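K.L.:
Could you look at this predicted model? Sequence included:
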Amino acid sequence: MKIKRLLVFCVYISVLCTAAIGPMMVVDASAPAGWRNLPDFYVFKDKVSGWSGSGAGELETVNGNLPVDTQVTYQNLPSLRFNLKTTLSSYWMSVILCMAEWNCHDVSRYVPNGYLEFNVKGKNGGEKFVIGAVDHVTERPSGVEKTITKPITDYCTITTEWQHVKIPLKDILDPSLGMDPYNAKAIVLDKVNLDPFCVWINQLKLTSPDKENAFPAIKVNQVGFLETSEKYAYVSGFEDDFKAAAGTQFQVMRVSDNSVAYSGQLVLVADYDANDSGERVFKAIFTDLKQPGEYYITVNAVGIDKSPRFKIGNDIYKSLLVDASRYLFYQRANIDLAAPYCTDYPRKDKSPQDFNCALASNSSITKDVSKGWYDAGDPNKYVITGAQTASNLLSAYEMYPEVFYDKQNNIPESGNGVPDILDEVRWELEWILKMQEAESGGFYCCVAFTENFSNGQRVIMDKKDNVGNIKSTNDTAAAVGVLAQASMIYSKYDPAFAKKCLDAAKSGWAFLLQNPNNIKAPGGAYPADNDESSRFFAAASVYRATGDSSCNDYVKSNYKKVYSSESGDGSFGWENGFYNYMKATNRDSNVENGFKDSFTKWANNKLNRSKNNPWGNVIENGNYYWGSNSVILGCPREVLLGSAIFGTNSDDINMMGRSSLNWILGANPMRKSLVSGYGDDCIKEIFGTWSEDGLAGIPKGVMPGGPNKYNGANISIFPAKCYMESAAEFTTNEHTLGWNSLLVFMAAFVNSTSPIPQNSPDLNKDGVVNMTDVILLAKVFNSVHGDNQYIASYDLNNNGSINMSDVIIIAKAFNTVIT
C-alpha cells in the first residue's frame, strides 16, 4: 500500500517543460510633453497630517493638528492657522507637518534646484517664526532624526497681506547639512520667542523645475536564468535622453574574462509605456545562450552602463529557496535567535509575555500562547495571516516536495527526518492550536501589544467596547482550514500531531456551524466584514481530510461566490479553499466543472496580461496597490496550482511564473532586486524590527510589498516606480508573512523545473527503471545519511535523505531503458 500511495502521488507531479519567448505588445506612441516634469508636492493643500501641540495648551490645535481655516483662504484654498494664543509658559511647542503620513518620503529629486513654497500672512504683521525640515534615518549613529530650521525673516517680512515665499530646499534639506532628503519626514514650524502670535499658511509645497530621475537602463534578473529557460533583459529609459533604438547591438559578456558570450539586437516592446514606467522599452533576448557561468550585459549606445551581474545555471535558485524559507525562522516568536542557527542577526525573544498572556477582557485568565510567527514588521501575531501563510507553504510542499528536505534551512529542528519547511510551519501551527478556546472550538484572533507599546503589555485580543470573549469566525475558519490541511501532510511524520490538528479543525468547524453569521475580530489589523472566503477554505479542507458531508454541502452552496471577475486584478478567488477541495476525493461534478470553466477563463486573462504588459507581470493599467508584489507573484502561483490540478500546465504558464520572478529580482523599471541579498542592486533596508537592532542591513531572502501608487503616491510620477527603499516607509517597504510565502512558492517552482544532478534511478542496475526500483527505494524511505549502506546510491538528488523527491525522480523515469 505504501508504494501504491507513493506512485499515485507521483501522477500529480507536473512534467518539466521549457518555455519560449512570448509575444510582445508594441505601443506606437510618444510621450506627451512634460510627462516627466516633477509635479508640485503639497505638504498642505486642504488637509493636514502630522501632530501639533504645546506644554500647556497655549498653541491652538484641533485633533492634534493645526486648525484648517476655511474662512481665511487664498486662491480658493484654505489655510493653516498657526496660532500661539498666549505666552508660551510651558516653554515648548511642536508643529510637525508630515509629508507622507508618518512615513519617510523621497524628496531628493527636488532638492538641487527646488523650493519650499507657500503663501503667508499675519494677524498684525511683523510676526516671527522658524520653518524647516526633519529627516528620519534609522540606526544613524549621530541620531535617528535631524532637523534644520530657518527664521522666516531670512526670506520675508510678515504683513497682514498675503505674500508668496520661496525657500531654497538646499537651505533645509541639502546633504551638505547632514540631512538625508531620501528620508525626509516632515516640514516643521516653531517659535522664535515665547510671545503670542498668529499667522496663516496657504499651499505649502515642494517645487522644482527638474525632471524625474532616470534609473539605470539595463534591467535584468540579478540572480539569473536556468540553462534552458527563456533569457532576456529590458533596456529602457526616458525618450528625451535615451539613445538606444530598435536594432541597437547588445552583448552578453563573461565576468571571468570580459569576453563576448552572445550578441544580438534590441527589440522594441513599447515606444511609450504610459502605464508603468513612462519609458521607451526594449528587450535584449539571449535565450540561446545556455552555457553556465556568470555574465553581464552591455549595449552599444551612449550613456548606458553595463548591467548588474547574473548567472546561468540549473542550481542558481537553490539558495533563494533556503533564504526565503529562513525568513520565517527570523519571524519566529518566543525563541532567542542565536548561533549556530542565526549568526548574522541574532536577537532575544521580543515577547516573553506570550508564555503567560492574559485575555484583554479578563486579566485574571491567562494562556500560554507562545510560538508562532510575527506577522510583519511589527511583533504582533495574527491567526488569519498566519493560517493563510502556513497554507501557502503547505501547498508549496505538496506541489514541489522534491525541492524540500530535512537539514535544508539550518533551523533547530534540522536533522529530525522531517523536511525543514514542515518543521517551520509546525512552529506556527502549534501557536494556532493554542489560540483555540477548548469549550467552544472558536479561535481568538491575535496576540498583540496594547495600544501603548511602551508599557510592554501583551494581550490575547478578545474584547471590543464592553463585549468580551470574542472568537472571530474569520480567524476560526482560517485556522480550521490550515489545521485540516496540515493533518493530512503531517500524518506521515507525526500521527499524534496530525490527529491533534484534525480534532481542533473538527471542533472549529462545529463552532462555525453554530455561528453562521460573521463575528468580527475585535482588534488588530485584520477585522473582516465578511468571513465567506475563510469559511470556504475551512469547509474544503475539512471535507478533503474527513469527507464530512456538511462541509461538502457548504462548498456546493457557496462555490460560485469564489470566482473573481475575469478583469479583476487579484486572485482567482479563495484560492486555498479551491486548492484543497480539488485535492479531495468524491468531489461534486458541478463544483469541479464550475471551477474548471471559471479558472480557465481567469487564468487565460492573467496569461494575456503577462504577455501584454511590457514588463511581463500581471498588473494592468499601472494598478500597483499595497502589496503589489503579492499580485505579481500570487497570480502566477494560482495559475500553476490550478493548471496542475486540471492537467493544463503549459510552456506559457511556466514562462509566466519565471517572468514574475524576473520582475521581482531586477527586471523592473527601477532595476532593483526586491529580495535582500540577491543581486548587485538589491534592497538593503526594510521596514521592520531589523531597523532597530543596531546591525547594518537585513537577512537575505526578505521581500517587501513593492510599488504602491496610492499610498506611495508622489514617490514617483510613474506607478511601477512608487517604491521607496527606506526602513521608515511602510506603505511600500514593509514585509509580511503572506507576501514572503509567495516568494517561497515561486522559488520552489523554479527549483522544481531545473534539472537536478542525480544518481541513476535504475537502482538494481538491470537496465530499466521499473517497479523493482520503486520497491528497493521504499525499503529505505525516510532514511538519512548514515542510516544504511544504500543511501549513497539511492539518494537520487543528493540532498541527504531518501524521500518523496527521490520517488518522483523514479516516477519520471518509469519504464525508461538505461543505456
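P.N.:
Cool, got the structure.
K.L.:
From now on I want contacts and neighbour counts done on CA atoms only, so please keep to that.
P.N.:
Noted.
K.L.:
Enumerate every residue touching the closest residue to G178 other than its chain neighbours.
P.N.:
The shortest distance from G178 to any non-neighbouring residue, by CA to CA, 6 or more residues apart in numbering, is to K146 (7.9 Å). Residues in contact with K146 (CA atoms under 8 Å, 6 or more residues apart in numbering) are 134-136, 178-179.
K.L.:
ok, now with 10 Å
P.N.:
133-137, 140, 173, 177-180, 184-185 (CA atoms under 10 Å, 6 or more residues apart in numbering).
K.L.:
beta partners of it?
P.N.:
Bridge pairing for K146 (DSSP bridges) gives the partners D135.
K.L.:
Please shift the residue numbers so they start at 45 in all later answers.
P.N.:
With the count now opening at 45, the last piece we talked about shows up as K190.
K.L.:
for the closest residue to F487 other than its chain neighbours, phi and psi?
P.N.:
Using CA to CA, 6+ apart and skipping the chain neighbours, the partner closest in space to F487 is Q480 (4.2 Å). Per-residue torsions, Q480: phi -90, psi 140 (degrees, to the nearest 10).
K.L.:
tell me the contacts of the residue sitting furthest away from the middle of the chain?
P.N.:
Centroid-distance maximum for the chain: N168 at 53.0 Å, with CA atoms, centre = their mean. By CA under 10 Å, 6+ apart, the contact set of N168 is 202-205, 241-243.
K.L.:
Spell out which two among those residues are the most distant pair, please.
P.N.:
Comparing all pairs in the contacts of N168 by CA to CA, the longest separation belongs to E205 and F241, at 15.5 Å.
K.L.:
Looking at these two, which is more packed in?
P.N.:
F241 (22 against 12; other CA atoms under 10 Å).
K.L.:
Give the full set of residues in contact with that one.
P.N.:
In this structure, F241 makes contact with 103, 126-131, 166-173, 235, judged by CA under 10 Å, 6+ apart.
K.L.:
Then L709?
P.N.:
Here L709 is in contact with 263-268, 703, 715-720, 722-723, 725-726, 747 (CA under 10 Å, 6+ apart).
K.L.:
If we use 7 Å, what do you get?
P.N.:
The contact partners of L709, by CA atoms under 7 Å, 6 or more residues apart in numbering, come to 265-267, 717-719.
K.L.:
Let's have these in TSV, adding neighbour count, distance to V788 and secondary structure.
P.N.:
Shown next, in TSV, are these (neighbours: other CA atoms under 10 Å; distance: CA to CA, whole Å; DSSP: H, G, I helix; E, B strand; the rest coil):
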residue	neighbour count	distance to V788	secondary structure
N265	28	17	coil
Q266	28	17	coil
V267	23	15	coil
S717	28	16	strand
L718	28	14	coil
V719	25	12	coil
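K.L.:
Relative to K287, which of those residues is nearest.
P.N.:
N265 (22.5 Å).
K.L.:
Would you mind measuring from E769 to L250?
P.N.:
Between E769 and L250 the distance is 21 Å, computed by CA to CA, to the nearest Å.
K.L.:
So what are the sheet partners of the top strand by length along the chain and their directions?
P.N.:
Among the segments of the chain that qualify as a strand by DSSP state E, the longest is strand 241-251. When pairing is defined by DSSP bridges, strand 241-251 lines up against strand 85-88 (antiparallel), strand 121-128 (antiparallel), strand 159-166 (antiparallel).
K.L.:
what does the shortest one rub up against?
P.N.:
In this case it means strand 85-88. If you take CA under 7 Å, 6+ apart as the criterion, strand 85-88 is touched by 141-143, 247-251.
K.L.:
How about the contacts made by Q309?
P.N.:
291-294, 328 are the contacts of Q309 under CA under 7 Å, 6+ apart.
K.L.:
Filter those residues down to just the buried residues.
P.N.:
Buried residues within the contacts of Q309, counting neighbours by 16 or more other CA atoms under 10 Å: 292-294, 328.
K.L.:
Of the residues you listed, which belong to helices?
P.N.:
Among the buried ones among the contacts of Q309, no member is found in helices (DSSP state H).
K.L.:
What is the nearest of these to L438?
P.N.:
Of the buried ones among the contacts of Q309, the one sitting nearest to L438 (CA to CA) turns out to be A328, at 37.0 Å.
K.L.:
Wait, the closest one touches S280, no?
P.N.:
No: contact criterion CA atoms under 7 Å: A328 and S280 do not qualify, at 10.4 Å.
K.L.:
For K543, what is the enclosing helix or strand?
P.N.:
helix 539-558 (DSSP states H and E).
K.L.:
right, and the helix or strand after that helix?
P.N.:
Defined by DSSP H and E, the subsequent element after helix 539-558 is helix 576-590.
K.L.:
the domain parsing of this protein - what is it?
P.N.:
For the chain, the structural domains run 85-251, 262-356, 362-796, 799-856, going by automatic domain parsing.
K.L.:
Mind putting the ones you listed into JSON lines with distance to W79 and mean pLDDT?
P.N.:
Shown next, in JSON lines, are the domains of the chain (distance: least, CA to CA, whole Å; pLDDT from 0 to 100):
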{"stretch": "domain 85-251", "distance to W79": "15", "mean pLDDT": "97"}
{"stretch": "domain 262-356", "distance to W79": "8", "mean pLDDT": "97"}
{"stretch": "domain 362-796", "distance to W79": "9", "mean pLDDT": "94"}
{"stretch": "domain 799-856", "distance to W79": "46", "mean pLDDT": "74"}
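K.L.:
Show me the one of those that comes nearest G78.
P.N.:
Nearest to G78 among the domains of the chain is domain 262-356; the distance by CA to CA comes to 10.3 Å.
K.L.:
Columns distance to D90 on top of the buried ones among the contacts of Q309, output as JSON lines?
P.N.:
Below are those laid out as JSON lines (distance: CA to CA, whole Å):
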{"residue": "T292", "distance to D90": "49"}
{"residue": "Q293", "distance to D90": "51"}
{"residue": "F294", "distance to D90": "50"}
{"residue": "A328", "distance to D90": "47"}
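K.L.:
From those residues, which land in strands?
P.N.:
Of those, the ones assigned to strands by DSSP E are 293-294, 328.
K.L.:
Return the set of buried residues in the longest helix along the chain.
P.N.:
Criterion DSSP H: the longest helix present in the chain is helix 633-656. Along helix 633-656, these residues count as buried under the neighbour rule (16+ other CA under 10 Å): 635-636, 639-640, 642-644, 646-647, 649-656.
K.L.:
Spell out, range by range, the helices that occur in the stretch 395-544 of the chain.
P.N.:
Assigned by DSSP state H, counting those that start in this stretch, the stretch 395-544 of the chain shows helices spanning 427-443, 464-478, 517-534, 539-558.
K.L.:
next one: phi and psi at the nearest residue to N460 once chain neighbours are set aside?
P.N.:
Once flanking residues are discounted, N460 sits nearest to D450: 7.2 Å by CA to CA, 6+ apart. For D450, the backbone dihedrals (degrees, to the nearest 10) come out as phi -70, psi 150.
K.L.:
check contacts around D450.
P.N.:
458-459, 461-464.
K.L.:
Could you report the separation of it from M848?
P.N.:
From D450 over to M848 (counting by CA to CA), the distance is 12 Å.
K.L.:
try I730
P.N.:
In terms of CA to CA, I730 sits 36 Å off from M848.
K.L.:
More neighbours: which of the two?
P.N.:
Legend: neighbour count by other CA under 10 Å for I730 and M848, higher for I730 (28 against 22).
K.L.:
Tell me if I'm right that the more buried one and T780 touch.
P.N.:
No: I730 is beyond contact range of T780, at 10.8 Å (criterion: CA under 7 Å).
K.L.:
Identify the contacts common to the two.
P.N.:
Common neighbours of I730 and T780 (CA under 7 Å, 6+ apart) do not exist.
K.L.:
from the contacts of L709, which single one is nearest T590?
P.N.:
Using CA to CA, V719 comes nearest to T590 of the contacts of L709, at 39.4 Å.
K.L.:
Nearest residue to that closest one in space, please, no chain neighbours.
P.N.:
Counting by CA to CA, 6+ apart, M747 is the residue found nearest to V719 once chain neighbours are left out, at 4.7 Å.
K.L.:
what about the one you found, neighbour count?
P.N.:
Applying other CA under 10 Å, we find 28 residues neighbouring M747.
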